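quick one, fold the following:
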Amino acid sequence: MNRTLTMGACLAAAVLGASPALAAPKAEPVEWTLDGETFRGVLVYDDDHDGPRPGLVMVPNWRGVNDSAVEKARRAAGDDYVVLVADVYGRDVRPRNDEEAGPVAAALRADRPLLRQRARKALEVLQARPEVDAGRVGAFGFCFGGTTVLELARDGAPLAGVVSLHGGLSTPLPAGGEVGPAVLVLNGAADRGVSAEDIAGFQREMDAANADWQFVNFADAVHCFAEEDAASPPGCVYHERSARRAWRMMDDFFEERFEAPARPAAAQ
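Have a look, this model is predicted:
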């Protein structure tokens, strides 16, 4: 099915006040443990679909697993993908606002090995699902989540591709070998949290790692531009034009990646 047409049909139905013909993908809680700690994510997929299909790990912004994250996963899943909203905080850590989220995210940004370990575990959980074609998996994330999926790529995770939407680009642990997954970075040109030095450093790192990478800057867009419920001006604001283009680019990217064989992950 053409996912762009499906999304367009849903939007048109909403404008006309009609109900879309397609039911929304279901969302079910999924728990796993790592080093004695329990994590609780949400698996989103169309349960009318027969047979395994590609899977996507979605790492949310710094608010973690919440209703907003699940709705974004529904949009990404459609009837083509199984999406796991990844919990990298722990089952009992659910920030209620930015003030609570900031310190939790900062602690993981300061411990990249732990962040990578938790994200990899979420990937393993997704690959083990019977609904998923374990050989065709990718990852995407928003803000803090974008930072996280780039760490997965640097760590040599067995992914066809990763997409970072307004995520941080710098890292204390640059790729030590080749980056196997294709990488798409969707960045707000007016995002003050991403400097010209960050961008140049990221591009040098990807070139040194022989990565298949793309970097897109969206004019006038600041941080959070692809999240419709972002409304914390001036630094975190939804930008409709850029969001529409970013979602379409991500859709095209994963469609292309799952049609092509994944590049082999480099030995770590």
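
tell me where the stretch 1-150 of the chain has helices.
3-16, 67-77, 98-109, 112-127, 144-154 (DSSP state H, counting those that start in this stretch).

who wins for proximity to Leu84 among these?
Distance to Leu84, taken as CB to CB, is lowest for helix 112-127 among these, at 4.3 Å. From N, CA and C alone the C-beta is placed, and that goes for glycine too.

mind saving the C-alpha coords of the closest one as CSV?
Backbone C-alpha positions of helix 112-127 (Å, rounded to 0.1, in the frame of the first residue of the first chain) are rendered in CSV as follows:
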residue,chain,number,x,y,z
ARG,A,112,26.1,6.7,26.3
PRO,A,113,27.1,3.1,26.9
LEU,A,114,24.0,2.6,29.1
LEU,A,115,21.8,4.5,26.6
ARG,A,116,23.0,2.3,23.8
GLN,A,117,22.5,-0.9,25.9
ARG,A,118,18.9,0.1,26.7
ALA,A,119,18.1,1.0,23.1
ARG,A,120,19.7,-2.2,21.8
LYS,A,121,17.5,-4.2,24.2
ALA,A,122,14.4,-2.5,22.8
LEU,A,123,15.6,-3.5,19.4
GLU,A,124,16.0,-7.1,20.5
VAL,A,125,12.5,-7.1,21.9
LEU,A,126,11.1,-5.8,18.6
GLN,A,127,13.0,-8.3,16.5
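
mind listing residues that contact it?
Applying CB atoms under 8 Å, 6 or more residues apart in numbering, the external contacts of helix 112-127 come out as 30, 32, 34, 39, 41, 43, 55-57, 59, 82, 84, 86-88, 108-109, 132, 134, 137, 139, 148-149, 151-152, 155, 157-159, 171-173.
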